[in-house]
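# structure for this input, please:
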Amino acid sequence: MTVAPVTSATTELSVVVPAYNEELRLGPSLDAVRRYLAEGPWESWEIVVVDDGSGDRTRAIAEEAAAADARIQVVAYDRNRGKGYALRQGVAHTRGRRVLVTDADLATPVEELEHLEKELGGGCAAAVGSRARPGSTIETHQSRRRELLGRGGNFLIRAVAVPGIRDTQCGFKLFDGAHARAAFAAARTDGWAIDVEVLQYLRGRGLAIAEVPVRWAHQEGSKVRPLDYPRVLGELAVMKARALPPARIAVLSVFLLASFLLHQGRWPDPSSRYLPDSLQDQNQWEWFFAVTADSVGYGPHLRNPLFTDLQGFPDGVNLMANTVMLGLSVPLAPVTAAFGPALSLALALTLGLAATGLAWYWLIRKWLGTGRGAAVVGGLLAAFAPPMVSHANAHPNFVVLFMIPLIVDRALRLCAPGARVVRDGVVLGLFAAYQIFLGEEPLLLAVIGMLLFAVAYAVVRRDVARAVWRPLGKGLAIGAGVALPIVAYPLYWQFFGPQSYHSVLHGEGAGNSPLALLSFAERSLAGSREAAEPLALNITEQNAFYGWPLVALALAITLGLWHRAAVRALAFTALAAAFLSLGPEFRIPSTDVVLPGPWRPLAHAPLFESVIESRVAMVCAPALGMLVALAVDRLAAARPSRRALGPVSPIFAGRRALGLAAVAAALVPIVPMPLTTVERVAVPPFITDGTWKRYVDTARGETLVPVPLPDPGNAEGLHWQTAAGLGFKLPGGYFNGPWGEERIGIYGAAPRHTANLLRDVRYSGRAPRLGEAWRRQAAQDLAYWNAGALVLAPQPGAEALRATVRQLLGKDGELVDGVWVWDLDGQNAENPAVRVSAVRG
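Numbers count the residues shown, from 1 in each chain. Reported below is the predicted structural model:
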C-alpha cells in the first residue's frame, strides 16, 4: 500500500520509521512510539512506516498496525533501495509541523524526543541526536571494530561535509517539517549518507542545526555492515563531486584521466594483470595490504599490525620497518577483505597519484597565485614527472604523496601575516603524523626540500626571515609536540622492536649519474630502456631523468623571472637537490675521474643512512612544476586586451607563441607512456583449491615451503599466500629485516644454507651432487622452519630443483594438482623455534 503525499502541515508531529527485514523489532517499536505519543504533549501525530523491500513479514506487521490505528501510514515497494531512498519516500508522505526520523530498533529511546524539541523550539531547523556530545549515555556499546569504524567515518564526515557535528549517523533526528520535506526532496543519495546530505543542505542555506546528547544502546541485528562504512565514504565523494563547479570537475577529470591512462593495463582485471617492471614489488605490496586487513579485524582474529610471522617464519617481519602504509592500508582494509589486495593496490596507485597531482595543483594556485591552466600544468609535472612514473610501477609510498603539499601549506601558513600559530601547528603535527604512516622517507625528502627552499628564501628576503622565524619555530614546536605522542610507540617498535634493523644496504651506485639528470626515462615518450637502464639501480629507481630540454627551460625561466624571490628559491631547491642526489661519490661522465659527492657527510647519519641517495632528485619534480607553472601563467597573463590596446601586435603574439612552444618542447619528451602489464602467473590449484591443507597442519604451526623459498628476486610465494587468504605461514620472503650481530638491514630473510642452495639451483638450472652433510643441513633448516610440506610449481629450472630436493630428502615428491609436493608428515612439530615464534606473536 502506498499513500499519496500530503504537503500541508496539518499535524503536530510526523514520525518516519524506515524498516528493512525488521519483523522481530518493528511491532514492539511501534507500540513503544504509540504509547509515548499518546501520553505526551503532542495533540496530533502520525507514524509513517517505510518498508524498504523487506523479504520477511515487516510489511505485513506494518499494515496490521495501520489497520488498527488510522494514524499509521505504510509506504512500501518491492525492491530494497537503501535507507536514503526509504527516508525520502517517508518524509515526502508526512504532513507534520515537526518530523522525527528514527531507526526501527529504537536504539535511541523515543523518550529522548523532548530534549530535541527543546532545541528545535529555540529556532533551529534540525536537532540531531548525538552519541558523541558531552552528556550522552551509551548503555550498550557496539563491537570495538564498529566503534572504530564509526569514529573514523565521523571524523572524515566532519572534515569534508558538516564541520562541527560530531555524530551525523545517529538514527534519531527531529526537523522542522517544511525544512525536512525540502531537504529530503532535494537529496539524491539512496544509501546511509542521506543524513549527511540533508544536514549539508540545511547548512548550505544558513539554517541552524543543534546537536543534542542522547541515550543510546546498541541493538543486536543491526543492518549496518562493515562494508557500509566505505560505501558511505563513496557516497560522500559523490556528493562532493556533485557540488563542484564545472571548472573544478574539469581539473579533477584531468588528473584522474592522466592517472588512469598510466595504469590502464591493470584495470581490466587487477588480480590477473602484473606490472613486470615492478620486479617482485607488486607481490610484496599486495601482501602488505592483505596482512594489514587481516591484522585489523578482517581476518579470524585481531593481530598486532606492526608485526607478523606470516612470512620470514619463525623470526617474522617488523611491519612498521617495512613501509606497509598503515595510513592507507588500514582505510582500504574493507576493500581488501571484500575484493582482494590486487584491487586495493590498483586503487592506491591510481587514485593516490591523481590526488597527489590535485594537491600540488591546489598548492600552486593558493601560494603562487597562478591561473587554473598554469596550475594544472605544474601539478601534472609534479605528480607525473619521470621519477614518479618510475615509482608508480612498484612503490605506492612514493606515489601517494598528497599529504606533502598539505604539509607545505601548513608550514607556509605559519609564515603568513596574522598566522594562527597554535591551530596551524596542531594541524601540521597531525598531518606529519599521518604522513609517517604513509611513508617516512618521502617525508624526510620533503623536509630536505623545504629546508633548501627556506634557506634560499631567507637569503633573498632577509626581512621576511626575521619576521617569521618566531611564529614558524613556535608552530613547528607545537607540531612536534602533537605528532610525537601519536607516532612514538610505532617508531619505537620500528627501531627497537622485534626484527628491527639499523640501516639498509643498497650497494654501490645508489646515487645519480650526472647524465641521469639530463637523460630520458624508460617510460618517457623520448626515452628507451637501453639508454636509461645503465643510469639507474633498476627500472623502479629512475629517480631523475627530467631530460635536457626541461633543464634548459628551467634555467631560462629562472633568468627570465629572476626578480621574483620565490623563483630564485625554487631554482636553488631544484639545483641543490639534484646535486645531493649524486650520492657520496660520483664519476664524471666519459672519464674515470671519481669525485667526492655532496651526500658523503650524510651517508652514515641516523635516518639518512637508509636513504637511496638518487631519490633526493625527486624533490626537483614539484620545484620544476612550480617554475613551469609560473612561466605558463606569465605567458597567459601577458596577452593584452583587444579592447584596451587594439589589435595584437604580430611581434608580441609571436613571442608568446614561442614561449608556449618552448614549454611544450620541454614537456612533450617526458610525457609518460602507459605502464607495461602482462598476464599474471597463475596460482596453482593446489593452493587455490585448498589442497595444501591436507599437507600443512597449521594447528601445529607448520609452514608451507615453496621451492625455492620466496626472496626479493622471486616472491611468487607471497602471491600464493594472499590467494589462500593468509592461511599458512612461509619461511623466507621479501621484506627488510636484520642480519648479523650488528643487525644490518637486508632484503629478505636471514640467509640459511638450504634456501641459498635452492635459489642458486633455480637460477643456474643445474642440480649439484649433494652428500650427507647437505642432507643434515636441510634437516636442520626444515626443522627451523617447522616445514609441513615442500611445494614445487612449474617454473624455469623446475627439473633441477626437483632433483635437488629429491637428494636432500631421500625421496621423490608426488604430483598433486599440478605441483610436486614433499609431505614431511609433521616431523618438525616439536621444533623449539616454533615455540619461540609463538611467544613473539
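
# drop to CA atoms for contacts and neighbour counts, all remaining ones
Will do.

# what residue ranges in this protein score low on pLDDT?
Applying pLDDT under 70 to the chain flags residues 1-9, 143-161, 221-233, 507, 638-653, 826-841.

# looking at it, which helix is longest?
Of all segments of type helix in the chain, defined using DSSP state H, the longest is helix 462-496.

# just the CA trace of the helix or strand that it is followed by, in CSV.
Beyond helix 462-496 on the C-terminal side, the first helix or strand identified by DSSP states H and E is helix 514-518. Only the C-alpha atoms of helix 514-518 are listed here, as CSV (Å, rounded to 0.1, in the frame of the first residue of the first chain):
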residue,chain,number,x,y,z
PRO,A,514,75.1,13.5,-13.8
LEU,A,515,73.8,12.1,-17.1
ALA,A,516,70.7,10.7,-15.3
LEU,A,517,69.6,14.3,-14.6
LEU,A,518,69.7,15.2,-18.4
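
# quick one: the strands in the stretch 601-750 of the chain, in order.
In the stretch 601-750 of the chain, the strands defined using DSSP state E, counting those that start in this stretch lie at 678-679, 703-706, 736-739, 744-747.

# dump the ones you listed into JSON lines; add mean neighbour count and distance to Ile588 as well.
Converted to JSON lines, those look like this (neighbours: other Cα atoms under 10 Å; distance: least, Cα to Cα, whole Å):
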{"stretch": "strand 678-679", "mean neighbour count": "13", "distance to Ile588": "38"}
{"stretch": "strand 703-706", "mean neighbour count": "26", "distance to Ile588": "45"}
{"stretch": "strand 736-739", "mean neighbour count": "24", "distance to Ile588": "33"}
{"stretch": "strand 744-747", "mean neighbour count": "19", "distance to Ile588": "30"}
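
# contacts only, for the residue nearest in space to the middle of the chain.
Nearest to the geometric centre of the chain sits Leu328, at 2.9 Å (Cα atoms, centre = their mean). By Cα atoms under 8 Å, 6 or more residues apart in numbering, the contact list for Leu328 reads 348, 437-438.

# check which helix or strand covers Ala354.
Counting by DSSP H and E, Ala354 is found in helix 341-368.

# how far off centre is that helix?
Taking the mean of its C-alpha atoms, helix 341-368 sits 10 Å from the chain's own mean (Cα atoms, centre = their mean, to the nearest Å).

# which strands and helices sit next to that helix?
With contacts defined as 3 or more Cα pairs under 8 Å, 6 or more residues apart in numbering; DSSP states H and E, helix 341-368 has these neighbours: helix 246-262, helix 281-293, helix 333-339, helix 372-384, helix 403-415, helix 620-637.

# at 6 Å what do you get?
helix 246-262, helix 281-293, helix 372-384 (3 or more Cα pairs under 6 Å, 6 or more residues apart in numbering; DSSP states H and E).

# for the closest residue to Pro796 other than its chain neighbours, give its distance to Asp781.
Nearest residue to Pro796, sequence neighbours excluded (Cα to Cα, 6 or more residues apart in numbering): Arg762, at 6.9 Å. Per Cα to Cα, to the nearest Å, Arg762 is found 18 Å from Asp781.

# higher neighbour count, these two?
Counted by other Cα atoms under 10 Å, Arg762 and Asp781 do not tie: Arg762 has more neighbours, with 19 against 16.

# got the contact list for the helix or strand hosting that one?
Secondary structure from DSSP H and E places Arg762 in helix 753-764. Helix 753-764 is contacted from outside by 708, 778, 797, using Cα atoms under 6 Å, 6 or more residues apart in numbering.

# now swap in stretch 102-119 and tell me
Contacts of stretch 102-119 (Cα under 6 Å, 6+ apart): 17, 19, 26, 127, 171-172, 215-218.

# quick one on the thing from earlier: could I get the contacts of helix 753-764 as JSON lines with neighbour count?
Shown next, in JSON lines, are these (neighbours: other Cα atoms under 10 Å):
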{"residue": "Pro708", "neighbour count": "27"}
{"residue": "Ala778", "neighbour count": "20"}
{"residue": "Gly797", "neighbour count": "15"}
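
# can you list the buried residues in stretch 710-730?
For stretch 710-730, the neighbour count (16 or more other Cα atoms under 10 Å) marks 710-712, 714-730 as buried.

# I'd guessed Val791 sits against Gly818; true?
No. Val791 is not in contact with Gly818 according to Cα atoms under 6 Å; the separation is 10.3 Å.

# of the two, who's got more company?
More crowded of Val791 and Gly818, by other Cα under 10 Å: Val791, with 24 against 13.

# any idea what that one is bridged to?
Pro706, Val821 (DSSP bridges).

# that one: what's it in contact with?
706-707, 820-821.

# cool, and Leu302?
The contact partners of Leu302, taken as Cα under 6 Å, 6+ apart, are 295-296.

# Thr698 versus that one, what's the distance?
Between Leu302 and Thr698 the computed distance is 18 Å (Cα to Cα).

# next: Phe431.
41 Å.

# compare the two and say which is more crowded by neighbours.
More crowded of Phe431 and Thr698, by other Cα under 10 Å: Phe431, with 19 against 14.

# and the more buried one, which helix or strand is it part of?
Phe431 is part of helix 421-436, with elements assigned from DSSP H and E.

# the stretch 501-650 of the chain: helices as residue ranges?
For the stretch 501-650 of the chain, the helices defined by DSSP state H, counting those that start in this stretch occupy 514-518, 529-532, 548-560, 565-580, 620-637, 642-645, 650-667.

# let me redo that: the stretch 1-150 of the chain
For the stretch 1-150 of the chain, applying DSSP H, counting those that start in this stretch gives helices covering 26-39, 58-68, 83-92, 113-120, 144-160.

# for those, which one ends up most surrounded?
Comparing the helices of the stretch 1-150 of the chain by mean neighbour count (mean count of other Cα atoms under 10 Å), helix 83-92 ranks first with a mean of 25.

# okay, it in CSV with CA atoms only?
Coordinates of each C-alpha in helix 83-92 appear next as CSV, following Å, rounded to 0.1, in the frame of the first residue of the first chain:
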residue,chain,number,x,y,z
LYS,A,83,18.0,3.9,3.8
GLY,A,84,18.3,7.1,1.8
TYR,A,85,15.6,6.2,-0.6
ALA,A,86,13.3,5.0,2.2
LEU,A,87,13.6,8.2,4.1
ARG,A,88,12.9,10.3,1.0
GLN,A,89,9.7,8.4,0.4
GLY,A,90,8.7,8.5,4.1
VAL,A,91,9.3,12.3,4.6
ALA,A,92,7.5,13.1,1.4
